[in-house]
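Enquirer: No letters, just coordinates:
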């Protein structure tokens, strides 16, 4: 299990202790709870002590980043704390696209003249979109937080780099790297040549002469504009498929085909199934995110001021397989670099799941599908001393919702709150029954 972080009387970090020892210190009144997640105690009398060097390790990923705090022991290295940091990059991207659609709709209406601003905006060198920078900020934030909770002496970061052209074409070599997929042709002509000037779904069975460029995984579902996600489709198949997932479309075709056998549906089932068998759906999206943020993440972690080492993904995988550990983000973090060649992980160790939730929305009010306000402007963020995102403990003495609940709270001006636990969302909890455990910090916590 994870060790408990310990702070001295002057809030300087000491060596993490076993949960049993922390429990004794709390029972005897020698310590108090400083923070619930990650669990940290503060000593009431002791100010300092002898500390051992601890190494903070990161296995940086697109959706999840593994974190491990490693100490020296008789077996070499030992994991004393582990966590997995879940990013919210895709949610940020969806929110920005929703805002863009609303603003585009507003600008097209007959409103007062607004001076164009898009011509006077430039992006600085090294600019990254907010969805990617959120991953960088999350990693930097938790690197600083762990340095305040434990005597960290070194930091190790996996600085992996993916060869995306080699991932797509294992036989690529030499000058082919510079030529690319569309060398000597245009996009539409290339797709027509690749797909034989026929619809990729029905192979011309529909007899529709109009051919369009179709996203196999629609943009609405997160599909990209890569060549591997673009196909030639006739207008009939393109309109019938729409923005749904190909597997969902295939299921609807199969049901209709069983009721009424149709040559067109038979061709669609066969061809779409063949495409799905040989397609890696969104396989390069995460690799591109890691490639784009690797240097900025390394620079910001190194700027903390501690000795920082960088390792490759190949070294991490070699260390993990040599020691027989399973594939997990936090285990990969423990195996990063040279010190990861011999690391002991107790079977009872369970990582703390840290999920980036954000700190609320700056949107003044909700809008309908046309972009017009449908709610009033937001009032105060706090209601009866509580704020959305606070971790609370609610004890309901009687009634239909009688019981004890712990989780993130969503406040309402009426004083009737919702509490999201690890398994369910409990609605209609009075603020009088709630006790704040930890103030909102932009993250949610749970145990694996």
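Expert: Sure thing, it's come through. These figures come from a predicted structure and were not determined experimentally.
Enquirer: For the stretch 201-350 of the chain, just list every one of the helices.
Expert: If DSSP state H, counting those that start in this stretch is used as the criterion, the helices of the stretch 201-350 of the chain fall at 235-241, 246-259, 263-277, 285-302, 313-323, 329-334.
Enquirer: Run through the residues that contact residue 218.
Expert: Residues near residue 218 by Cβ atoms under 8 Å, 6 or more residues apart in numbering: 242, 243, 244, 245. Quick note: C-beta positions are derived from backbone N, CA and C, even for glycine.
Enquirer: If we use 10 Å, what do you get?
Expert: Residue 218 sits next to 229, 241, 242, 243, 244, 245, 246 when contact means Cβ atoms under 10 Å, 6 or more residues apart in numbering.
Enquirer: ok so, going back, between the helices of the stretch 201-350 of the chain, which one is closest to residue 396.
Expert: Of all the helices of the stretch 201-350 of the chain, the one in closest proximity to residue 396, counting by Cβ to Cβ, is helix 329-334 (35.1 Å).
Enquirer: Pull the distance from the closest one to the chain's centre.
Expert: 16 Å (Cα atoms, centre = their mean, to the nearest Å).
Enquirer: Likewise for stretch 397-413?
Expert: The answer for stretch 397-413 is 28 Å, by Cα atoms, centre = their mean.
Enquirer: Next: stretch 156-171.
Expert: For stretch 156-171, the distance to the chain centre is 20 Å (Cα atoms, centre = their mean).
Enquirer: any idea of the mean pLDDT in it?
Expert: Mean per-residue pLDDT for stretch 156-171: 78.
Enquirer: mind listing what's buried in that stretch?
Expert: Residues of stretch 156-171 classed as buried: 156, 157, 158, 159, 160 (neighbour count, 16 or more other Cβ atoms under 10 Å).
Enquirer: which SS state does the last one fall under?
Expert: If I follow you right, that is residue 160. What DSSP: H, G, I helix; E, B strand; the rest coil gives for residue 160 is coil.
Enquirer: Number of residues surrounding the nearest residue to it once chain neighbours are set aside?
Expert: In space, and not counting its chain neighbours, residue 160 is closest to residue 313: 3.7 Å by Cβ to Cβ, 6 or more residues apart in numbering. Neighbour count of residue 313, defined by other Cβ atoms under 10 Å: 17.
Enquirer: which one of the contacts of residue 218 is nearest residue 421?
Expert: residue 245 (30.7 Å).
Enquirer: Would you enumerate the residues in contact with the closest one?
Expert: With Cβ under 10 Å, 6+ apart, residue 245 has these contacts: 216, 217, 218, 220, 221, 223, 251, 281.
Enquirer: ok, the first one - contacts?
Expert: Shown in contact with residue 216 (Cβ under 10 Å, 6+ apart): 200-201, 223, 228-231, 233, 241, 245-246, 272, 275-276, 279, 281.
Enquirer: Phi and psi next, for it.
Expert: Dihedral angles phi and psi of residue 216 (degrees, to the nearest 10) take the values phi -60, psi -50.
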